[in-house]
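1. Okay, structure incoming, though there's no sequence with it:
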DNA sequence: ATAATTATGTGATATTCTTCACATTAATTT
DNA sequence: AAATTAATGTGAAGAATATCACATAATTAT
Ligand SMILES: NC(=O)c1ccc[n+]([C@@H]2O[C@H](COP(=O)([O-])OP(=O)(O)OC[C@H]3O[C@@H](n4cnc5c(N)ncnc54)[C@H](O)[C@@H]3O)[C@@H](O)[C@H]2O)c1
Ligand SMILES: NC(=O)c1ccc[n+]([C@@H]2O[C@H](COP(=O)([O-])OP(=O)(O)OC[C@H]3O[C@@H](n4cnc5c(N)ncnc54)[C@H](O)[C@@H]3O)[C@@H](O)[C@H]2O)c1
């Protein structure tokens, strides 16, 4: 292990490894080799070892990796051995589906706040117990509900302004579902989710060009 | 322009450029430089020029790119100057939200088929007019409704089996929302959408490590 | 016409990321 | 205890990707 800049791609893959390890745990697999893990994650075995080498030595030579141990180590690396609180902005079609979705909770992500500007929605209580607040109250609510990450599910026209307000409220991480490239200061880390980009990619590959 | 293998990353970016160009069109901007376009897309200007150079010369030196022209050219490259038919498998929480979502249509993607295995759902007619079919009928329906791309929104436990059936039915492109790495033959191109991986990425950056 | 300006297209360079190949270490067998 | 086997950890090589820097071409101003 050396001290080095960690590739962004490594972080994403650690995330994938952890998903697979979680499954292996549930199947009561104790030990796994980089080769078998690699096959399940659809990556190169050396890639896994390299990725892990950035952070230490987690395996046993000649044996492999202890599934539970490795999972814990990866969670530690990613900062997942603690809950993260999410604040959703824009409780519409997509937002509602997300908030109902159990997978977030399973991975330690909890929606502790929800915002909208539609008077019909503000004040409503979600099944989880969270009450939708007006975005004007974002500063206050972010503090009260200890929100760490903002999730933007507003129309794209509102996304940039929402991002600005989140940053001002002290948010340093944003998951953006609006199909627009939002601009934020360096202190804030943005990840975009845009399905149509993935579809375009498929379209390209299916077209004769690809 | 040279004949060369096109980086996967280039394809994703073309998609982003096209989104921004579409907006610029709506704002009635006629011409844009790689520099300004780059800023809006959060990439390096030379990157844009390089990406485009793989496919030809689309700009005017000293001037920039004609917005409408470039948009068309990019759509042509990606294979987007035609409609693409989608078949959704698993009309649950997420599936319903996606099918209701107008953004797909706006980009030329149409859900022409929907599948489930829940007897309560099979036979129901969606607002769009599409009737949910049983997955058993996938071969037939894929042909009838000319489905090009499969969208998997089933629980992960079902995803691999669903993928197998789609491939057998002749599908060569899959957009997979189940948080699992599905295995398919080379003829089929898979893109995965997993929000929790993005969240993990944010968590990592917010943790002291990042 | 000529010079000045602007912004593309691209070869060269730099960087980042991936894979190989093997030395290293642990466990197992003889 | 030595030999064998297995699979990690990692330096080096390789591939892919991004950026620089400038020659080139179009436009505008003089
Ligand atoms: N629905 C999907 O499946 C889907 C898929 C991909 C991307 N998206 C993107 O997600 C976003 C939301 O999509 P949707 O279908 O849920 O739209 P929606 O119209 O159903 O919901 C948007 C919500 O945002 C709220 N809102 C508007 N402006 C706001 C502001 N300034 N502050 C706070 N809240 C505000 C609205 O009141 C509404 O409740 C869009 O950008 C869309 O492109 C949605
Ligand atoms: N809901 C979300 O916001 C969200 C977010 C991220 C990822 N996902 C993923 O998307 C998938 C669907 O999530 P959901 O919340 O919509 O679940 P859901 O349970 O609401 O819907 C799943 C649907 O798939 C159907 N189904 C099950 N097995 C099937 C099979 N073999 N063939 C066809 N249909 C089948 C079910 O009948 C149901 O209608 C899951 O893998 C989930 O992890 C969902």
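-> Nice, thanks for sending it over. What you see is a predicted model; the values in this text were computed from it and never measured. Numbers count the residues shown, from 1 in each chain, chains lettered A, B, ... in the order given. Ligands and ions are numbered 1, 2, ... in the order given.
2. in stretch A:101-116, what counts as buried?
-> For stretch A:101-116, the neighbour count (16 or more other C-beta atoms under 10 Å in any protein chain shown) marks A:101, A:103-104, A:107-116 as buried. Any C-beta I mention is one placed from the backbone N, CA and C, and that applies to glycine too.
3. what residue is smack in the middle of chain A?
-> Taking C-alpha atoms, centre = their mean, the centroid of chain A lies closest to residue A:175, which sits 7.4 Å from it.
4. ok now do it, which residues does it touch?
-> By C-beta atoms under 8 Å, 6 or more residues apart in numbering or on different chains, residue A:175 lies in contact with A:86, A:149-152, A:190-191, A:193, B:195, B:198-199, B:202.
5. can these go into a markdown table with extra columns for neighbour count?
-> Formatted as a markdown table, these follow (neighbours: other C-beta atoms under 10 Å in any protein chain shown):
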| residue | neighbour count |
| --- | --- |
| A:86 | 24 |
| A:149 | 23 |
| A:150 | 28 |
| A:151 | 30 |
| A:152 | 27 |
| A:190 | 20 |
| A:191 | 18 |
| A:193 | 21 |
| B:195 | 20 |
| B:198 | 19 |
| B:199 | 25 |
| B:202 | 28 |
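6. What is the lowest-pLDDT residue among these?
-> Lowest model confidence among the contacts of residue A:175 falls on residue B:195, which carries 89.
7. what's the spacing between it and chain A?
-> Relative to chain A, residue B:195 is positioned 6 Å away (C-beta to the nearest C-beta, to the nearest Å).
8. ok, and the closest non-adjacent residue to that residue?
-> What sits nearest to residue B:195 in space, not counting adjacent residues and going by C-beta to C-beta, 6 or more residues apart in numbering or on different chains, is residue A:193, at 5.6 Å.
9. Inside strands: which ones of the buried residues of stretch A:101-116?
-> Among these, the residues falling in strands (DSSP state E) are A:109-116.
10. Now do residue A:33: how many residues are near it, please.
-> Neighbourhood size, residue A:33 [other C-beta atoms under 10 Å in any protein chain shown]: 15.
11. got it, and residue A:72?
-> Using other C-beta under 10 Å, residue A:72 has 16 neighbouring residues.
12. Tell me where chain A has strands.
-> Using DSSP E, the strands of chain A run over residues A:31-32, A:65-66, A:84-89, A:109-116, A:132-134, A:149-152, A:173-176, A:189-192.
13. Let me see the backbone angles for the residue of chain A found nearest ligand 1.
-> With C-beta to the nearest ligand atom, the shortest gap between chain A and ligand 1 falls at residue A:92, namely 1.7 Å. Note on residue A:92: its backbone torsions stand at phi -110, psi -140 [degrees, to the nearest 10].
14. what sits against it?
-> Neighbouring residues of residue A:92 by C-beta under 8 Å, 6+ apart: A:116, A:153-154.
15. tell me, which of those residues make contact with ligand 1?
-> The residues of these that also fall near ligand 1, by C-beta under 6 Å from any ligand atom, are A:116, A:153-154.
16. Tabulate those in TSV, adding columns for distance to ligand 2 and pLDDT.
-> Output for the ones next to ligand 1 among the contacts of residue A:92, formatted as TSV (distance: C-beta to the nearest ligand atom, whole Å; pLDDT from 0 to 100):
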residue	distance to ligand 2	pLDDT
A:116	18	98
A:153	10	97
A:154	16	97
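17. nearest to residue A:136, of the residues you listed?
-> Nearest to residue A:136 among the ones next to ligand 1 among the contacts of residue A:92: residue A:116, at 10.9 Å, using C-beta to C-beta.
18. How many residues are close by the residue nearest to that closest one when sequence neighbours are not counted?
-> Using C-beta to C-beta, 6+ apart and skipping the chain neighbours, the partner closest in space to residue A:116 is residue A:91 (4.9 Å). For residue A:91, the neighbour count with other C-beta under 10 Å is 23.
19. What helices and strands are in contact with the top helix by length along chain A?
-> The longest helix of chain A (DSSP state H) is helix A:8-26. In terms of contacts (3 or more C-beta pairs under 8 Å, 6 or more residues apart in numbering or on different chains; DSSP states H and E), helix A:8-26 is packed against helix A:34-41, helix A:45-53, helix A:67-78, helix B:195-206.
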